[in-house]
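Student: Sequence and predicted structure are below.
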2 protein chains.
Amino acid sequence: MNAPQHFTIAQRDVPDALIQALKAQFAERCSTAMVVREQHGRDESAFTSVPPPAAVVFAESTADVAAVVKACAEHRVPVIPFGVGSSLEGHLLAVQGGVSIDLTRMNRVLSINAEDLTVTVQPGVTRKQLNEEIKSTGLFFPIDPGADATIGGMSATRASGTNAVRYGTMRENVLALEVVTASGEVIRTGTRAKKSSAGYDLTRLFVGSEGTLGVITEVTLKLYPVPEAMSAAVCSFPGIAEAVQAVIQTIQLGVPIARVELIDANTVRMVNQYAKLGLREEAMLLMEFHGSPAGVKEQAETVQEIAREHQGQDFAWASTPEERTKLWTARHNAYFAAVQSRPGCRAISTDTCVPISRLADCLLDSVKEADDSGLTYFLVGHVGDGNFHFGYLIDPNDPKEWATAEGLNQKLVQRALRLGGTCTGEHGVGLHKMDFLVDEAGEGAVAMMRTIKHALDPHNIMNPGKVFRW
Amino acid sequence: MNAPQHFTIAQRDVPDALIQALKAQFAERCSTAMVVREQHGRDESAFTSVPPPAAVVFAESTADVAAVVKACAEHRVPVIPFGVGSSLEGHLLAVQGGVSIDLTRMNRVLSINAEDLTVTVQPGVTRKQLNEEIKSTGLFFPIDPGADATIGGMSATRASGTNAVRYGTMRENVLALEVVTASGEVIRTGTRAKKSSAGYDLTRLFVGSEGTLGVITEVTLKLYPVPEAMSAAVCSFPGIAEAVQAVIQTIQLGVPIARVELIDANTVRMVNQYAKLGLREEAMLLMEFHGSPAGVKEQAETVQEIAREHQGQDFAWASTPEERTKLWTARHNAYFAAVQSRPGCRAISTDTCVPISRLADCLLDSVKEADDSGLTYFLVGHVGDGNFHFGYLIDPNDPKEWATAEGLNQKLVQRALRLGGTCTGEHGVGLHKMDFLVDEAGEGAVAMMRTIKHALDPHNIMNPGKVFRW
């Protein structure tokens, strides 16, 4: 039997004729070198699959992508779009073999429409690159998963991050797409208009489809004016319960807080060690306020009052941009800090999201289970959205630790579903949550997804083996 | 030849056996009385179709809806979901015959989760009823098309209204649905979690599908805390150009204005007459600011300064709730005021939406064309979103006026598409914009919509003849 982390579904034949044709067309941009294939056969998840994809094509244009998909469609060979490989759910593994399309060379910002607060980019542009390139416009793109992911990958997984509580997720921030379909045709979904009732919402169908319906080759995004004033603060609480109650009250009052992240005491310790910070090692909320100077002051005062009611310490402010960046870098590095705290470990990341009123229930019961299990773990949460992540740090070679982590995750997901929540707030289903998706959405809804997939990708070549079973 | 407003595609056979079966099951809740059928065979559009649906079933539960759909599916008879009939695009016309399902008796608010800012309702609940029923919670639902439409209808057309500039459209505010599919199965899409990456976004696929994929039988919506402070103002400008420039600058600065509506001088005149108001008869912006008292003051000061730069008058404030309601009622009644200004007329309503930077160009050229045409018209706009409506008031028996209005609409849509916009911001495609949808989305994207429709409704029974050709 395979280890629980190992996924290899029946490998499909990749004919030599296809590889030869791709090499003829793309020359050195089509690689079959084992090191390149292996790089493209894994991601940040703990999952593995062998063999890696049979070839990797480095696409430089939509026409390149269309050509690869057409060639693969002809031979009914799987196609796996690849950005920077930061998926936590095994999206990029060639579980049925096939060809990986590396999109990182399609990394141009195509047009900035500052006056409309929109930008159109190629899928290989990363979120940090985008913000760097639009700096001079006074605008920014807020969606920030932990990794410096590509906009294409973020669209495909319906990603979000710390700013979602105020600015929404990729669902709300993608205006339009260019997509190469399973037959290699190029279509556009949506326009630059802010709203539309023109036909089925193909944009939202592709956002979150995890590469299973087509390859995203252009993305038009909403941008936001950089707020006149921004300030960040940390606030420590005696325990997670008090921190979460403060967040719940903040959200229910409608305070337009831009970010509010929970880090548990244990994870603060890991972050302190990794980033040489001196944060108080208690459950902590990291917050950010955006607005006019007066608005930010007002929000901060309201939240500070709420925090005090829940035994929060006084806010420690990060007022300069440097201090603010340091704080948020620490938060974004929590994952890496945790993984480094146990050399050789892998993190099994959970991703449940529940209605905010259920957050304390869901979180506290799961913390108790995690503590009782004896596993090392970290805990961070986009708690303003009801979304949080446990990362169980396991020895990948220890089946018992795998089983313990899987058991905790099972219990957590079932609890979240009972409370009206979802098994994945932002990471996607990928390889590992297919059964959870059925538990959550029901057989009927998953059957409808499958019907759509069968209709749009009749030979199951687009990232097969992900999201649901064929 | 039919008049341009008349749509009747090949009528499909409605067997007596089906009608008898529905009568046996639903007794007096299945009506074949001509007056009831005729009521359900039209909407607020200028379009007509004969004969009306063969029968109308008044559903009282999801099980009722499922039973009707199953019976119709068996006989391959069209099913048309019907709310209050406020569509402006002919969505409710039985152009291929069939059975209308009246959903107005499914009008219960099923559960209010005030602490999560969500509510779940049956599809026949209207927007005003909803806000009445949740009044005591201190929350409100912001989406407000002109009519007091049902939440089911608003979901099906991806409706919006005056608050969308701040709160988004039905796309952003529907969290989850219950749907009866074309085979009569009941599925759920989405959860009450604020965000999710769990599989294809079926919720967004049904929002805006105009009844062509299934019948919406439950809707879970986001709610918002009633702002601590709200104030409304009107401001007059020497012309439309100046008013629009003021709006563009407001949006580009990121002022979180809650509503900003344009009414042209001519329409102000109609509204004054209809609602006995004394508004200055010039191009006018109607604005509303939501927030804390200090925040509202700050927003208003910023916008007032911008308005002055564009030759706007000083704001006239509506400070009491009664004054505010009066003002917004006037705005919502603009359509009816206009229609009443020319007895016997029908309004042909346009619905283009463009990126905000293109709004002045799009609007001014189209105003000139409308003025030159000699047709009476009204002009209102959700200009903060780049969306506006001309209503050409025509004598429905005068083919020349029809042709003139059609010609103006054609030119306007083509202009909006050239400027990166959409043919419909909020009314939907319905009967009349099928060709525009192809111009806008391209043959490939419409073919993809069609493929999805064929897969999910293989016998084309769900509101056939709408959105795109089968």
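Tutor: Thanks, I have the structure now. Note that this is a predicted model, so its numbers are computed, not measured. Residues are numbered from 1 along each chain as shown, chains lettered A, B, ... in the order given.

Student: dump the residue contacts of the residue nearest to residue A:177 when sequence neighbours are not counted.
Tutor: Nearest non-adjacent residue to residue A:177, counting by C-beta to C-beta, 6 or more residues apart in numbering or on different chains: residue A:189, 4.8 Å away. C-beta: built from backbone N, CA, C; applies to glycine. Residues in contact with residue A:189 (C-beta atoms under 8 Å, 6 or more residues apart in numbering or on different chains) are A:176-179, A:202-203, A:205-206, B:441, B:445.

Student: likewise residue A:150?
Tutor: A:83-84, A:103-104, A:123-127 are the contacts of residue A:150 under C-beta under 8 Å, 6+ apart.

Student: List phi and psi for it.
Tutor: Taking degrees, to the nearest 10, you get phi -80, psi 160 for the backbone angles of residue A:150.

Student: Could you verify that residue A:119 is part of a strand?
Tutor: Yes: Residue A:119: assigned to a strand according to DSSP: H, G, I helix; E, B strand; the rest coil.

Student: For chain A, spot the helix or strand the model is least confident about on average.
Tutor: helix A:321-332 (a mean of 84; mean pLDDT, DSSP states H and E).

Student: Please list the residues outside the helix or strand just after that helix that contact it.
Tutor: Using DSSP states H and E, the next helix or strand after helix A:321-332 towards the C-terminus is helix A:334-341. For helix A:334-341, contacts defined as C-beta under 8 Å, 6+ apart pick out A:146, A:263, A:267, A:270-271, A:273-275, A:330, A:345-347, A:349, A:376, A:378, A:380, A:391, A:393.

Student: Of those, grab the buried ones for PyMOL.
Tutor: Burial among the contacts of helix A:334-341 is assessed by 16 or more other C-beta atoms under 10 Å in any protein chain shown; the matching PyMOL selection reads:
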select buried, chain A and resi 146+263+267+270+271+274+275+330+345+346+347+349+376+378+380+391+393
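
Student: Sitting in strands, which of the contacts of helix A:334-341 do you find?
Tutor: Among these, the subset assigned to strands under DSSP state E consists of A:263, A:346-347, A:349, A:376, A:378, A:380, A:391, A:393.

Student: Closest to residue A:437 out of the residues you listed?
Tutor: Set against residue A:437, the nearest of the ones in strands among the contacts of helix A:334-341 by C-beta to C-beta is residue A:349 (16.6 Å).

Student: packing partners for the helix ranked longest in chain A?
Tutor: As assigned by DSSP state H, the longest helix anywhere in chain A is helix A:434-456. The contact analysis (3 or more C-beta pairs under 8 Å, 6 or more residues apart in numbering or on different chains; DSSP states H and E) places helix A:434-456 against helix A:399-418, strand B:186-189, helix B:202-206, helix B:443-456.

Student: between these, which gets nearest to residue B:227?
Tutor: It's helix B:202-206; of those, that one is closest to residue B:227 (C-beta to C-beta) at 26.8 Å.

Student: do the helix or strand following the closest one and chain A meet at all?
Tutor: Using DSSP H and E, the next helix or strand after helix B:202-206 towards the C-terminus is strand B:214-222. No: using C-beta under 8 Å from any C-beta of the partner chain, we find that strand B:214-222 stays clear of chain A, coming within 9.2 Å at best.

Student: Walk me through which strands strand B:214-222 pairs with, and which way each runs.
Tutor: Note on strand B:214-222: by DSSP bridges, its sheet partners are strand B:118-121 (antiparallel), strand B:174-181 (antiparallel).

Student: distance of the residue nearest to residue A:177 from residue A:160?
Tutor: 20 Å (C-beta to C-beta, to the nearest Å).

Student: Also residue A:114?
Tutor: From residue A:114 to residue A:160 the distance is 24 Å (C-beta to C-beta).

Student: what does stretch A:66-78 rub up against?
Tutor: Contacts of stretch A:66-78 (C-beta under 8 Å, 6+ apart): A:12-15, A:17-18, A:21-22, A:25, A:54, A:57, A:59, A:79, A:94, A:96-99, A:101, A:180-186, A:215, A:459-464.

Student: Helices - which of those residues land there?
Tutor: Those of the contacts of stretch A:66-78 lying in helices (DSSP H): A:17-18, A:21-22, A:25.

Student: among those residues, which ones are buried?
Tutor: So, by 16+ other C-beta under 10 Å, the buried ones in the ones in helices among the contacts of stretch A:66-78 are A:18, A:21-22.

Student: Mind putting those into JSON lines with distance to chain B and pLDDT?
Tutor: Converted to JSON lines, those look like this (distance: C-beta to the nearest C-beta, whole Å; pLDDT from 0 to 100):
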{"residue": "A:18", "distance to chain B": "25", "pLDDT": "98"}
{"residue": "A:21", "distance to chain B": "24", "pLDDT": "98"}
{"residue": "A:22", "distance to chain B": "24", "pLDDT": "98"}
